[in-house]
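**Student:** Build me a structure from this.
(2 chains)
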Amino acid sequence: MYRSLFPRDVFAELDRFQRDIRQTLDGASPSIRGIGRGGYPAINVGGTPQSVEIYAFAPGLDPDKIELNLERGVLTISGEREATPRNGDAKIAVHIDERFTGRFRRVLSLPDDIDPGTVDAAYRDGVLHISIKRRASAQPRRIEIK
Amino acid sequence: MNHDLTKSQDAQAPKAQDAQAPKTQARDEVALMPPVEVVEDASGITLYADLPGVSRETLNLRVEADTLTIEGEMALQVPEGMQSSHAEVSIPRYRRAFTLSKELDPDKVTAELKHGVLKLRIPKAEHAQPRKVEIRVH
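**Tutor:** Residues are numbered from 1 along each chain as shown, chains lettered A, B, ... in the order given. Below is the predicted model:
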């Protein structure tokens, strides 16, 4: 099952379209795994000179059941989002059903200079924020000229 | 007629915005449309909306006339000087509006926000609760 997270938002679609075109024109793919789009959870990645920051937009999960693995520079976020209980009432009608349910798994390659021992993960308001420090040796330094 | 909440109000939204533009400019801002689930049972409607990143303080729920509007700003903790390298969520706010049908009671809406999921319960007005119609047999 593959569906867009915000399927009816025209601006997001346009944005995505624009980015796809840009990527096609540039011809440069960032990684062999790429980063899939439109899956659950949606992922934003950013960086500072000291750290790599990953935001996974994963609402409605039990934080204890989110699986987070970092192995050889590859980060895997997986888990399952259960469907909302229906109370076994035969008289209910489902009018709109756009929310993701089921198992999910997203994999992303991280830069080489991260320090795997310094992963910090926090789940807040449905966003999983993972912060990984870069190795000190890889951080930019000012070189003194004698 | 009960289908109003089954559709989101896309077609009508621009009109509503025009009418209220001076008052609420924020509404013209681009926003994501959160995925929702709408379930109806005998006593009312339950709506679930995925709003990751929205906290109780940044969530704005309104009922004006027969329109229910859900708005929320994302508040992420971003370290200073962070450069984004990949963004699937590029707009930090959500908005979606629904038309409520007459038998729903907008004064009794209850809301719960947990782990980025909003749960709204909109009960049906007393007079609109289902009644079994007795059929008399002579």
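
**Student:** hmm, who's touching the strand or helix carrying residue B:61?
**Tutor:** Element membership for residue B:61 (DSSP states H and E) is strand B:54-64. By Cβ atoms under 8 Å, 6 or more residues apart in numbering or on different chains, the residues outside strand B:54-64 that reach it are A:125-126, B:51, B:68-75, B:94, B:100, B:106, B:109, B:111, B:113, B:116, B:118, B:120. Yep, even glycine has a C-beta here, placed from its N, CA and C like the rest.

**Student:** tell me the mean pLDDT over it?
**Tutor:** On average, the pLDDT along strand B:54-64 is 93.

**Student:** How about stretch B:108-128?
**Tutor:** Here the average pLDDT along stretch B:108-128 is 90.

**Student:** and that stretch with chain A, contact?
**Tutor:** Yes. Remark: stretch B:108-128 sits within contact range of chain A at B:114-117, by Cβ under 8 Å from any Cβ of the partner chain.

**Student:** Those residues into JSON lines, with extra columns for neighbour count and secondary structure?
**Tutor:** Output for those, formatted as JSON lines (neighbours: other Cβ atoms under 10 Å in any protein chain shown; DSSP: H, G, I helix; E, B strand; the rest coil):
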{"residue": "B:114", "neighbour count": "12", "secondary structure": "strand"}
{"residue": "B:115", "neighbour count": "17", "secondary structure": "coil"}
{"residue": "B:116", "neighbour count": "25", "secondary structure": "coil"}
{"residue": "B:117", "neighbour count": "23", "secondary structure": "strand"}
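
**Student:** Name the member of the residues you listed with the shortest distance to chain A.
**Tutor:** Nearest to chain A, judged by Cβ to the nearest Cβ, of the residues of stretch B:108-128 next to chain A is residue B:116 at 1.7 Å.

**Student:** buried sites along the strand holding residue B:61?
**Tutor:** Across strand B:54-64, burial judged by 16 or more other Cβ atoms under 10 Å in any protein chain shown covers B:54-55, B:58-59.

**Student:** Return the member of those residues nearest to chain A.
**Tutor:** residue B:55 (5.1 Å).

**Student:** In chain A, which residue sits nearest chain B?
**Tutor:** Counting by Cβ to the nearest Cβ, chain A gets nearest chain B through residue A:126, at 1.7 Å.

**Student:** Report the contact partners of residue B:48.
**Tutor:** Residue B:48 touches A:84, A:99, B:36-39, B:117-120, counting by Cβ under 8 Å, 6+ apart.

**Student:** quick one: which helix or strand includes it?
**Tutor:** Applying DSSP H and E, one finds residue B:48 within strand B:44-50.
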